[in-house]
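Colleague: I would like to see how this sequence folds:
(one chain, ligands or ions: 1)
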Amino acid sequence: MAKSQFDFIVVGGGTSGSVVASRLARTRAQPSVLLLEAGGANSGLTHRCPGESSSFYTSDEAAPLNYRYRADLGDRLKGRELQYDRGRGLGGTSCINIGLWDYGSPAEMDEWAALVGDQDWSWAATQERMQKIENVHYVDENGDERGLNGQTSKRFGPVDVSQLVSYAPTLKMILEAAKEVNWPVIPDISHGALGLSVPPFAVYKGLRITAASAYLSDLPCNLIVKVESMVARIILDEGIAKGVELDFAFKDVIICAGTFDTPKILMLSGIGPPEELAEHGIPVQVPLSGVGQNLADHPSLRLYTRVNVDAIPSDGKPGGDVSTWRDQWLKDQKGPLAMVPNKFTNGYFKIGNLEHLSGWKQLNDHTKDYLMRPLTSNIEYVATIIPDPSLLHTVLRISVLLMNAQSRGKVHLKSSDQAEPPRILLNYLQHPFDLQVMIQGVRKAMGFAQSAGFAHGSFDGLKSGSDDDIMDYTQKNLQVSWHAMGTTKMGKPADETAVVGPDLRVFGVQKLRVADLSVCPVIPSNHTQSTAYLIGEVAAEKLIAEYSLDLLTTG
Ligand SMILES: Cc1cc2nc3c(=O)[nH]c(=O)nc-3n(C[C@H](O)[C@H](O)[C@H](O)COP(=O)(O)OP(=O)(O)OC[C@H]3O[C@@H](n4cnc5c(N)ncnc54)[C@H](O)[C@@H]3O)c2cc1C
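Modeller: Predicted coordinates for the structure are as follows:
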C-alpha cells in the first residue's frame, strides 16, 4: 500500500479531535489534514434524538457507537466492576452523552493556568473561547426560539445549545425547595457562581448536537477523514513523530483518542512508564512515567425518594406512548422527543467545615488552600423529578457527584496487542477525604429532600444518615459519571508526573501533541464535553499561531 503525506495527522475524530481537525483545515493556509477515526461515520439519526439521550447509550442501537469498556472501581468499592461507556465513531463520546452543557468553573481554570504557567487556560480565556465554541439559543419547552429579554444570542460558535426561558412545574418545585433550604438558585450555571440552576443542553431544532455535526459537516477538500481506521502506534524516528503506520506528517501528529485510548496509543508506541512497557515487551522510546497515571473522575451516587403524587403536576407523572413519539421524531424531528431533555436542575456546592473532616490532615498545604477558596466546589447535585423504573411512582432523584476528588486511578495496557481494550482502574474514594466529602454531600441532599416540597424525606435503600449507613449505601451504589480525565496530564517540564506541556506537546518527542480530556491537570467542576471542545479549540489556536496558518501566503 502506498504511503501518504499530510501536513497534520489527527488521531481520533471525537469531541476534541473534530475541533482540532476542522479548525486547522479551515485556516487561510489550507494545510492538508488527515483525521483518522477508529469507528464509523455515525451518519444515522438515532443517536441525535434529544428526548432519548438519557437512555440512548445503554440501548442496543448504541452498541456500534460505544466501546463499552469495563472499569474496576477499586478496593474501597469492594472491587466492583462497571461498564464505562465511551463513544466510537465521528463525534466520539459526544454522540452518546446526555448533552448537559456547562463550564462554570473559575476556581479550577485559574488553578489550571497557574499550575501549567499559561494564561491561555485561565477562566478569563475560557470564557472568551466559549464564545467561539457555543451558540446559545433561548427557547421555550417546544424548542422554539424565544430570545432572552428580547435579545438573541450574541455568540456564533458551531455548538448550538438551548437554554429554557420558562420552566416546567417540576423544575419550579425543585428550585422552590432549594430556596427553602437556603441553597442559592442562580440564573446561569456557566457564569462562575455556586448554586442550583437549570442548565442548557447541546440540542437545537429537535436534534442533539455532536462534535461531528458541529465541526465535520461540509468538509473542506484539504481535510481527509478516514473512518474505521484504528491507529495502533505512532512512528518515531530519533525522537520525532513522523506519522502513524502508512500516513506521514510534515508538521504535527495530534493524538485525540480520549482519556483511555490516548495513553494506550502512547504506551504501544514506547512512550510511557518503562516498567509497564517492559512488562509487555515494548521497547522504550521515551520514558514518561506519567502516561496512564492520574486518572480522575466525578464519582456519582444516585439517591431516590418517592414524591407525593398528589402534589406532582402532570408533567412529572409517568405515562406516554414512546413508540409513537419515536416514529414522529424520526419522520420530522418534532414531537415530545424533539424537546430539550431538560427536566434537570444542577449546581455546584461547597461542604462546610472541610478542615474538620478526617483525611484533611493528609492533604498538602497547597491542596488545602485550593479547596478553601470560595469558588472551589466539593459536590455537584443533579436533581430531577421522574417516574421510577416501575412507572408506578414518581420520584425525586438526586445525583451526588464528587468534585475535586483526591483519589486517582490508572490506565494500563492489557498486553501489547492493539485490539485489547485498556485496563481501567478508577480507585474511587481511595483517599479518606473523598469518602468524608461524599458522606457530607449525601447528608446535605437529605436536608434538601426533607424540605417542605418533598415531605417524605428518606432515600430508598439508605437506612439512616449515620456515617456507617451512608458508607454502606455508597459502597454498594457508587457509579461512574463518564467524566474520566487526566491520564496524560499537562504540567510544567519540571513536573515529573506531567506528560504534555501547556502547548500540548508530549515531553521528549518533537512534533507530537495530545489534545483531549486526558490532558486535564485539575478536575474542572462541570460536565466535561465543554472542556473537551475547549481543549480542541486551544490546541488548534496554538498550532495555527505556531505555523502561521491564518496568515495569507504570498507565494
Ligand atoms: C453516557 C455518557 C454521558 C455523558 N453525559 C455528558 C453530559 O451530559 N454533558 C457533558 O458535558 N459530558 C457528558 N459526558 C462526557 C463527555 O461526553 C466526554 O467527557 C467527552 O465527550 C470526551 O471527549 P474526548 O474528545 O476526550 O474523547 P472522545 O469524544 O471519546 O473521542 C475519542 C475518539 O477517539 C477515537 N479513538 C480511540 N482510539 C482510537 C485509535 N486507536 N485510533 C483512532 N481513533 C481512536 C474514538 O473512537 C473517539 O471517536 C458523558 C459521557 C458519557 C459516556
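Colleague: and the helix or strand encompassing residue 128, what's buried?
Modeller: Using DSSP states H and E, the element containing residue 128 is helix 123-133. Using 16 or more other C-beta atoms under 10 Å as the test for burial, helix 123-133 gives 123, 125-127, 129-130, 132-133. (Each C-beta comes from the backbone N, C-alpha and C, glycine too.)
Colleague: any idea how many residues pack against whichever residue of the chain sits closest to the ligand?
Modeller: Using C-beta to the nearest ligand atom, residue 14 is the residue of the chain that sits closest to the ligand, at 1.8 Å. Residues lying near residue 14 (other C-beta atoms under 10 Å) number 31.
Colleague: who are the contact partners of it?
Modeller: The contact partners of residue 14, by C-beta atoms under 8 Å, 6 or more residues apart in numbering, come to 37, 87, 91-94, 211, 256-258, 516, 532.
Colleague: just those residues: which are in helices?
Modeller: 211, 258, 532 (DSSP state H).
Colleague: if we check the ligand, which of those residues are in contact?
Modeller: 258, 532 (C-beta under 6 Å from any ligand atom).
Colleague: need the ones in helices among the contacts of residue 14 in a markdown table (columns: neighbour count and pLDDT).
Modeller: Below are the ones in helices among the contacts of residue 14 laid out as a markdown table (neighbours: other C-beta atoms under 10 Å; pLDDT from 0 to 100):
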| residue | neighbour count | pLDDT |
| --- | --- | --- |
| 211 | 29 | 98 |
| 258 | 28 | 98 |
| 532 | 29 | 98 |
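Colleague: can you give me the helices for the stretch 151-300 of the chain?
Modeller: Using DSSP state H, counting those that start in this stretch, the helices of the stretch 151-300 of the chain run over 169-180, 211-215, 258-268, 274-279.
Colleague: from the contact counts, what lies against the shortest one?
Modeller: By that I understand helix 211-215. Counting contacts by 3 or more C-beta pairs under 8 Å, 6 or more residues apart in numbering; DSSP states H and E, helix 211-215 packs against helix 15-25, helix 529-546.
Colleague: looking at those helices, which is buried most?
Modeller: Highest mean neighbour count of those: helix 15-25, a mean of 30 (counted as mean count of other C-beta atoms under 10 Å).
Colleague: that one vs helix 258-268, what angle?
Modeller: 80 degrees (axes from the mean of the first three to the mean of the last three C-alpha atoms, to 10 degrees).
Colleague: domains of the protein?
Modeller: 1-66+86-132+203-291+488-555, 167-200+300-404+430-477 (automatic domain parsing).
Colleague: I'd like those as CSV, with distance to residue 77 appended.
Modeller: Below are the domains of the chain laid out as CSV (distance: least, C-beta to C-beta, whole Å):
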stretch, distance to residue 77
domain 1-66+86-132+203-291+488-555, 19
domain 167-200+300-404+430-477, 6
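Colleague: which one of those domains has the lowest average pLDDT?
Modeller: Lowest mean pLDDT of those: domain 167-200+300-404+430-477, a mean of 88.
Colleague: show me what contacts residue 384?
Modeller: Residue 384 sits in contact with 170, 174, 343-345, 396-397, where contact means C-beta under 8 Å, 6+ apart.
Colleague: in helices, which of those fall?
Modeller: 170, 174.
Colleague: name the nearest of the contacts of residue 384 relative to residue 231.
Modeller: residue 344 (36.3 Å; C-beta to C-beta).
Colleague: partners of the closest one in the sheet?
Modeller: residue 384 (DSSP bridges).
Colleague: what is the burial count for it?
Modeller: 21.
Colleague: how far away is it from residue 141?
Modeller: 14 Å (C-beta to C-beta, to the nearest Å).
Colleague: and residue 401, by the same measure?
Modeller: 26 Å.
Colleague: more crowded one of those two?
Modeller: residue 401 (25 against 15).
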